[in-house]
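Novice: Generate coordinates for the sequence data below:
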Amino acid sequence: MSVANRPTNRPLSPHLQIYRWQLTSVLSILALAVGALYLATWVIYAAASPRAYALFQGFNTSIAGRIVLGGWLFSAFYHLCNGIRHLFWDAGYGFGLKDAYRSGWTVVVVSLLATALSWVVGLKLI
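Specialist: Numbering: from 1, shown residues only. The predicted structure follows:
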């Protein structure tokens, strides 16, 4: 067995026993999970009957429903923008502390603008 193929006793990085959950990652996972359940519920109601779908659509057009949809939409845009940010990191750009903060705030602002723009366009199409 060559030296390169010999097993080592090093832990994986980041190892689950030492990884500390961050608020941003927990909220991100939670938002996408809730959004996926919301979408699945929407599809189930749509498949059940026209009356069930109308009931769910009634919730979607309420204030609470629009808040849920807006939050889910922001979460999707946030993940899209953050994915682009990570592509830049993979290419070796933006590792400085000031650059990281600047790109983080840029992701938030662009996500908010994209959410607002999509709401404006979506409401005009209705």
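Novice: Now residue 43: which helix or strand?
Specialist: In this assignment (DSSP states H and E), residue 43 forms part of helix 23-48.
Novice: tell me what that helix is packed against?
Specialist: The helices and strands touching helix 23-48, judged by 3 or more CB pairs under 8 Å, 6 or more residues apart in numbering; DSSP states H and E, are helix 50-60, helix 63-90. Just so you know, the C-beta spots here come from the backbone N, C-alpha and C atoms, and that holds for glycine as well.
Novice: avg pLDDT for that helix?
Specialist: For helix 23-48, the mean per-residue pLDDT is 90.
Novice: number of nearby residues for residue 118?
Specialist: Neighbouring residues of residue 118 were enumerated by other CB atoms under 10 Å; the total is 15.
Novice: ok, it - contacts?
Specialist: For residue 118, the contact set (CB atoms under 8 Å, 6 or more residues apart in numbering) comprises 73, 77.
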